[in-house]
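Undergrad: Just a sequence and a predicted model for now, questions to come.
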Amino acid sequence: MIYLILAILCSSSIAMIFKISEGQNLNRLAVTSFNYLCASLVALFMLLVDFPELGVGGGSFESVVLKNETLFSLNSSVFWGISVGVFAGVFFFLSFLFYQKSVRESGMSLSGAFGKLGILIPMLFSLVIWREYPRILQWTGIAMALLSILLLNWPFGRSGNGVKVSLILLFVSGGLAEFTNKLFQNYTVPGCKNVFLLSVFSSAFLISFLVLSKSRTQFKKREVLTGFLVGLPNLFSSFFLIAALESIKGSVAFPVYSAGSVALISFGGFVVFGEKLRRLEVFALAMVLLSLIMVNLS
């Protein structure tokens with residue numbers, strides 16, 4: 001559970017950094033590019049310090065992925081990490097684009113709700129593909145976590161908002177980006193996380209940098225600095241989430257991770273920035289804490 005808590009802390013700190021940088025009129029595409037660059041450089045350093053062992057053995061693609069009978073060999077685990085990482089990098093970047101678009105079209109509240117509820121995708125895949133069924137008490141904790149996300153981001157019924165295509169694409173791309181963490185972890189031997197993370201963030205950086213170059217927009221030192229500040233927690237949120245998935249079922253870890261991040265962001269806004277919490281938000285924060293306890297006791 002400690003890895004899941006660390007992942008939540010890293011994830012929520014990203015939003016806190018963006019909150020601090022509000023009002024600086026930052027080029028968000030530049031911030032995103034340098035965020036991925038920082039994460040790539042740190043992942044490369046981690047890989048060089050702790051390079052995975054190589055070797056043959058393990059199962060074939062059919063026995064590992066299709067039949068889920070064993071794990072890949074050391075060599076195949078590295079190849080799997082690189083392949084899934086490139087796939088993940090694409091969805092990491094797409095989720096950013098669709099989030100920006102949905103904020104313009106539907107507002108931050110509705111975009112935040114659909115973005116966070118994207119964890120339903122890896123949660124359902126964990127249930128259907130790997131049959132990671134939670135216990136009764138865990139089911140209760142999961143339901144409370146999902147409900148708390150809605151309560152903390154309740155967007156429905158507000159004038160001028162509606163479910164647009166960009167929101168659906170945000171839901172899908174964000175959910176698939178999170179799902180790749182589980183897709184990598186479930187089939188590989190321990191020690192290959194840094195290969196996967198380097199592949200994820202370097203591919204996301206290449207895509208975002210190409211888009212940034214094509215846009216021909218100027219960026220300043222503050223965008224570089226903010227991007228690097230975001231890059232560290234962005235990298236380690238995935239690092240710790242993968243570590244958590246090694247001991248916690250994906251159907252349990254994903255909703256708790258998402259709800260915990262939302263709750264901590266709201267609490268941080270209250271403590272650091274003096275933002276007032278509504279009764280509904282206080283109730284939702286209490287639900288998150290209870291869900292964490294239920295999941296941990298099961």
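TA: Now that the structure is in, tell me what you want to look at.
Undergrad: measure the residue lying closest to residue 245 once chain neighbours are set aside to residue 211 for me?
TA: Setting aside the residues directly before and after it, residue 245 is nearest to residue 185 in space (CB to CB, 6 or more residues apart in numbering), at 4.7 Å. (C-beta placed from N, C-alpha, C; glycine too.) Residue 185 sits 29 Å away from residue 211, going by CB to CB, to the nearest Å.
Undergrad: Looking at these two, which is more packed in?
TA: Neighbour totals were compared for residue 185 and residue 211, and residue 185 leads with 21 against 15 (other CB atoms under 10 Å).
Undergrad: and that one, what is it in contact with?
TA: Contact analysis of residue 185 by CB atoms under 8 Å, 6 or more residues apart in numbering lists 242, 245-246.
Undergrad: closest to residue 254 among those?
TA: Nearest to residue 254 among the contacts of residue 185: residue 245, at 8.8 Å, using CB to CB.
Undergrad: what's the longest helix seen in the chain packed up against?
TA: Using DSSP state H to define each element, the chain has its longest helix at helix 74-106. If contacts are counted by 3 or more CB pairs under 8 Å, 6 or more residues apart in numbering; DSSP states H and E, helix 74-106 sits against helix 28-49, helix 108-117, helix 165-185, helix 193-215.
Undergrad: quick one: buried residues of it?
TA: 74, 76-78, 80-82, 84-103, 106 (16 or more other CB atoms under 10 Å).
Undergrad: what do you get for stretch 181-192?
TA: 181-189, 192.
Undergrad: so can I have a markdown table of these showing distance to residue 138 and pLDDT?
TA: Converted to a markdown table, the buried residues of stretch 181-192 look like this (distance: CB to CB, whole Å; pLDDT from 0 to 100):
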| residue | distance to residue 138 | pLDDT |
| --- | --- | --- |
| 181 | 19 | 92 |
| 182 | 17 | 91 |
| 183 | 22 | 91 |
| 184 | 23 | 92 |
| 185 | 19 | 90 |
| 186 | 19 | 89 |
| 187 | 23 | 88 |
| 188 | 25 | 88 |
| 189 | 27 | 83 |
| 192 | 28 | 88 |
